[in-house]
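Q: After the sequence you'll find the predicted model.
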Amino acid sequence: MEKLKIQIGNLEFQNPVMTASGTFGFGLEYEDFFDVQKLGAIIVKGTTGEKREGNPAPRMCETPMGMINAVGLQNKGVDYFCEHTYHEIKHYKTNVIVNVSGSSIEEYVKVAEKINELEHIPAIELNISCPNVKKGGMGFGTDPKMAFEVVDAVRKIYKKHLIVKLSPNVTSIAEIAKAVESAGADSVSMINTVLGMAIDAEKRKPLLSTITAGLSGPAIKPIGLRCVYQTYKAVKIPIIGLGGITNATDAIEYILAGASAIQIGTQNFVNPRIGLEVIEGMKEYLDRHNISHIWDIRGII
Amino acid sequence: MEKLKIQIGNLEFQNPVMTASGTFGFGLEYEDFFDVQKLGAIIVKGTTGEKREGNPAPRMCETPMGMINAVGLQNKGVDYFCEHTYHEIKHYKTNVIVNVSGSSIEEYVKVAEKINELEHIPAIELNISCPNVKKGGMGFGTDPKMAFEVVDAVRKIYKKHLIVKLSPNVTSIAEIAKAVESAGADSVSMINTVLGMAIDAEKRKPLLSTITAGLSGPAIKPIGLRCVYQTYKAVKIPIIGLGGITNATDAIEYILAGASAIQIGTQNFVNPRIGLEVIEGMKEYLDRHNISHIWDIRGII
Amino acid sequence: MKHCDNFLVSEKKFLNTSFFKLKLKSKKALPEINPGQFVEIQVNSDSKVLLRRPISINDVDYTTNEVSLIIQTVGQGTKELAKISEGEELSLIYPLGNGFETKGENPLLIGGGVGIAPLLYLAKQFCAKGIKPDVLLGFRSKEQMIALDEFEKYSNLYISTQDGSIGEKGLVTENKIFLASHDVIYTCGPTPMMKAIAEHALKNNTECFASLENKMACGIGACLCCVQNTTQGHKCTCTEGPVFNVKDIIW
Amino acid sequence: MKHCDNFLVSEKKFLNTSFFKLKLKSKKALPEINPGQFVEIQVNSDSKVLLRRPISINDVDYTTNEVSLIIQTVGQGTKELAKISEGEELSLIYPLGNGFETKGENPLLIGGGVGIAPLLYLAKQFCAKGIKPDVLLGFRSKEQMIALDEFEKYSNLYISTQDGSIGEKGLVTENKIFLASHDVIYTCGPTPMMKAIAEHALKNNTECFASLENKMACGIGACLCCVQNTTQGHKCTCTEGPVFNVKDIIW
């Protein structure tokens, strides 16, 4: 599988296929379905400074070829992760990356510092784009200055690979990407969910407890591709593309748009083995088209 | 149909169902399918200062529950409209509204001035959000200051009802809406298409000549609803909601989110009689729920 | 161990105007399945319906490797499932959730609407332990009811209908068997029904387990979408449920 | 006058591994349909395929009010259409486009792949005028061909295959009948084929009409998505085409 092997910053990946935070638990949940160590990386559930209960139900509804979620960073907190969950997954022979979330710069820094100490976590994904928390979250990701500040603060204390996850809910995602690049991010991942809303017309009520929340799934793939394409022309750091990937063809489209690697999100819910199928499908595509390495077609659109 | 009769600014509508610019030609194209005068309004194809050939082919591709178009304001220019097309449609016993587009403030002003002279055109929809033209278009709709300037200039010379069509491709659509409200817009319509992109992985080519272009259809309904909801809380002028409406239920959802009226776009291509069906379906909904007027449920989410 | 496999639709039968039954045959030996567990069923890969649908298991036949599901057509997903033909295949993730334990010597099983589905397999499991349980099923009317031969075989069956068109008239909580003494109550059905049953059980110090419904995405505890608020915080209906002890539920 | 109606699938037949034929029966009398016109067909309202598919009309039977379509399964839309059963209904917008005129005393009709479909009805119209046209059909190989009994009845039929497995070996532009003299050429097929034919026709001052394909949304001239570049600027393939005089086309 040399054709799929990549290096992003100082980090090696056996292939460019990762599972998106919040859609793959801690990897453990998918062990019944395939050997999750075959993934290029597992990005585990968003982790905050303290335990969070997340938003009240209802947290999910379906839309045409999409879903909206309002989970709101429910998690057991960074200390629980370090003391318990970490020990269940640190043996994985692939990159385990922690999605780091927060409501203040101090919280991001605190979580990143603690994760920095974990030997088998070679990278974090700084989530400055969660639309489902009242304070912070997406706020940091929609203003270049705030984005710079939070990444700059984390960069000062976090010594390993720093991925920053960006929001599409902005006038120019390339501007935000440039800001986080200049603050020292090693790479960016995009797109987080698109801010959306759904209503039950019969009951005349919103379908989600938070009213507006995060849209994902095939419906948003055109938006994700566009964001990657725009950002590829604007920054030098690698881009990890996501948004609506359901098969290897979609993954190839992201690479063509400029992504160095991809993440699979919502489709994990539909097909728990999709990660493996995308790896195999990308390999098959490269073989069929006689392409010697996946990056040979990166950004050629 | 008293239940559906509305007034927006100084303009009366027999019902709140309009057809979106660029999806219904000049109304003439749909006369074989139903009496288009039953619509609340027909918003005709975007008109510019001079004739435009639009973008090269390919201009259209499909995405999951959506389509992307890159037509790029192909039209015969405002003079041709005033001298020819106008005379074919001025007899319609419903509101015929002209979508006014341009690449400069001068062009918007010039077109608006000419349309202002047409007796049977009671309103224009100022399109400051077309993603498919290189100069102007969406540029005006993504910056509050530029949006203010163009609306202010048109307001000075345009005496009838002025609708401004807004782009969802911004960090805060409510900010833009506030700017155009303060510049004297009588109402806003939203959302124009979402900037998207599609790629043919096998051919390793973009599927559209402009590479990025405008996504519409059911896929974007959650985004449209969210934009209307956010804007309803921010401005006093009425909102005309659009984006992915395929039936009366979708239309009711937009009203619940805060829209005073709605437009049907892409679905006109799938079901040429959809306008009529939505009018009938909204009436049936109000009867079934014992609601005496459509605005009784406006913005109650 | 959870599985994700294609099953063959070996039988499809409409039970009334809105309920239909699917028998789905596995190509391999079925794993052990507990009553109250469910499957996540993929509607159709051509469909605009994106996510799987959680459907509780109505019955299991280990000899033929078949599971039975009773499905109510309520939305786009189930409407499309109703169009499937015998001989076609469906992808299932199974078995999911904790399921019911078979506790109690004198249990009462109460189902309402499509919530009756998992109680058949639960009644059968009680019978296998030598206990023929009391089963109380509630419907709006006779027309909403389905054929209950199987339930009659594996339980002492009681019926309530709201219009009295069959069985006792009124809610299940007004049925005489509900008011009789039982050591454990199991219930699955509409939330107001389960809530009323839970209140009664708590008041009478009867152990009571309710199988809850919730909008679900993954079904395996990854997405955290389907949480139920409980005295111990948010719990995933898919993995920590769907069966909850009613004393833990914050309705 | 355009119509939007449901048609009954009265016959469905697979013609080879990727082509199938649908006979669709109208519930009312068919309007006059010209050869080369097309329909916009809705795939399935449950499908994630949003837009209709433009399909050219292969034949018309006014006595039974049936239109025939030959469809090649190429993408998601046509793949789903291939799953439809006889007795089901499909929504059609029809008849669309300008269609072919029947000009010429000694015409040649050239089809390639699924582009052969509209030429049958065109040949029939010529026969109705007392002219049995020359028809030249090109396929990659015998396996890609379909039964041509109908064409044999209404034309002097010539075949080219790229591998020579039937008819003359080579491209249609190498076929002896192509090199013979005709006063008007009509063509429908892959763009490279039509372009080569057009060049030949222009060189020889033969009138030539080509039926073009394009990605379409509305089919009725409203969306301006399906434009073809011509010497008179962008023209809608759906209303100003699909048939163009090749001297106007900017390929």
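A: The structure has been received and is ready for your questions.

Q: Flag the shaky bits of chain A, pLDDT-wise.
A: Residue ranges of chain A with pLDDT under 70: A:132-138.

Q: three-state assignment of the residue lying farthest from the centre of it?
A: In chain A, the residue that sits farthest from the middle, by Cα atoms, centre = their mean, is residue A:202; the gap is 34.9 Å. Recorded secondary structure, residue A:202: coil (DSSP: H, G, I helix; E, B strand; the rest coil).

Q: Please report how far it lies from residue B:242.
A: Counting by Cβ to Cβ, to the nearest Å, the separation of residue A:202 from residue B:242 is 22 Å. C-betas here are computed from N, CA, C, even on glycine.

Q: and if you look at residue C:192?
A: Using Cβ to Cβ, one gets 38 Å for the distance from residue C:192 to residue B:242.

Q: In terms of neighbours, single out the busier of these two.
A: Under the criterion of other Cβ atoms under 10 Å in any protein chain shown, the comparison of residue C:192 against residue B:242 puts residue B:242 first, with 33 against 12.

Q: The more buried one against residue B:261, yeah?
A: No - when contacts are counted by Cβ atoms under 8 Å, residue B:242 is not listed as touching residue B:261 (9.4 Å).

Q: quick one: stretch A:68-81 to chain centroid distance?
A: Averaging C-alpha coordinates over stretch A:68-81 and over its chain gives two centres that are 14 Å apart (Cα atoms, centre = their mean, to the nearest Å).

Q: same check, this time on stretch A:20-33
A: The gap between the average C-alpha position of stretch A:20-33 and the chain average comes to 13 Å, counting by Cα atoms, centre = their mean.

Q: what's the answer for stretch C:125-134, then?
A: For stretch C:125-134 - counting by Cα atoms, centre = their mean - the centre lies 17 Å from the chain centre.

Q: looking at the sheet around residue 6, what are its partners?
A: Just going to use chain A. Beta-bridge pairing for residue A:6 (DSSP bridges): residue A:13.

Q: hm, I was asking about chain C
A: Listed by DSSP bridges, the beta-bridge partners for residue C:6 are residue C:91.

Q: just checking, it touches residue C:88?
A: No - using Cβ under 8 Å, residue C:6 is not in contact with residue C:88, being 9.9 Å away.

Q: who touches the residue of the stretch 151-300 of chain A found nearest chain C in this structure?
A: With Cβ to the nearest Cβ as the measure, the residue in the stretch 151-300 of chain A that lies nearest chain C is residue A:269; the distance is 4.2 Å. If a contact means Cβ atoms under 8 Å, 6 or more residues apart in numbering or on different chains, then residue A:269 has A:23, A:67, C:51, C:52, C:217, C:218, C:219, C:222, C:223 as its contacts.

Q: Just these: which are in strands?
A: When those are checked against strands (DSSP state E), the matches are residue A:67.

Q: Near chain B, which residues of chain C are found?
A: Applying Cβ under 8 Å from any Cβ of the partner chain, we find that chain C lies next to chain B at residue C:48.

Q: I'd like to know which residues of chain C are adjacent to chain A.
A: Listed as neighbours of chain A in chain C under the rule Cβ under 8 Å from any Cβ: C:1-4, C:42, C:48-52, C:93, C:214-229, C:233-234.

Q: Over to the residue of the stretch 1-150 of chain C found nearest chain A: give its phi and psi.
A: Nearest residue of the stretch 1-150 of chain C to chain A: residue C:2, at 4.3 Å (Cβ to the nearest Cβ). The phi and psi values for residue C:2, taken as degrees, to the nearest 10, are phi -100, psi 150.

Q: again with residue C:72
A: The main-chain torsion angles of residue C:72 are listed as degrees, to the nearest 10 and equal phi -100, psi 130.

Q: Which residues are in contact with the closest residue to it other than its chain neighbours?
A: For residue C:72, ignoring the flanking residues on the chain, the nearest one in space by Cβ to Cβ, 6 or more residues apart in numbering or on different chains is residue C:114 at 4.1 Å. For residue C:114, the set of contacting residues under the criterion of Cβ under 8 Å, 6+ apart consists of C:19, C:70, C:71, C:72.

Q: Same question for residue C:215.
A: By Cβ under 8 Å, 6+ apart, the contact list for residue C:215 reads A:58, A:59, A:60, A:61, C:225, C:226.
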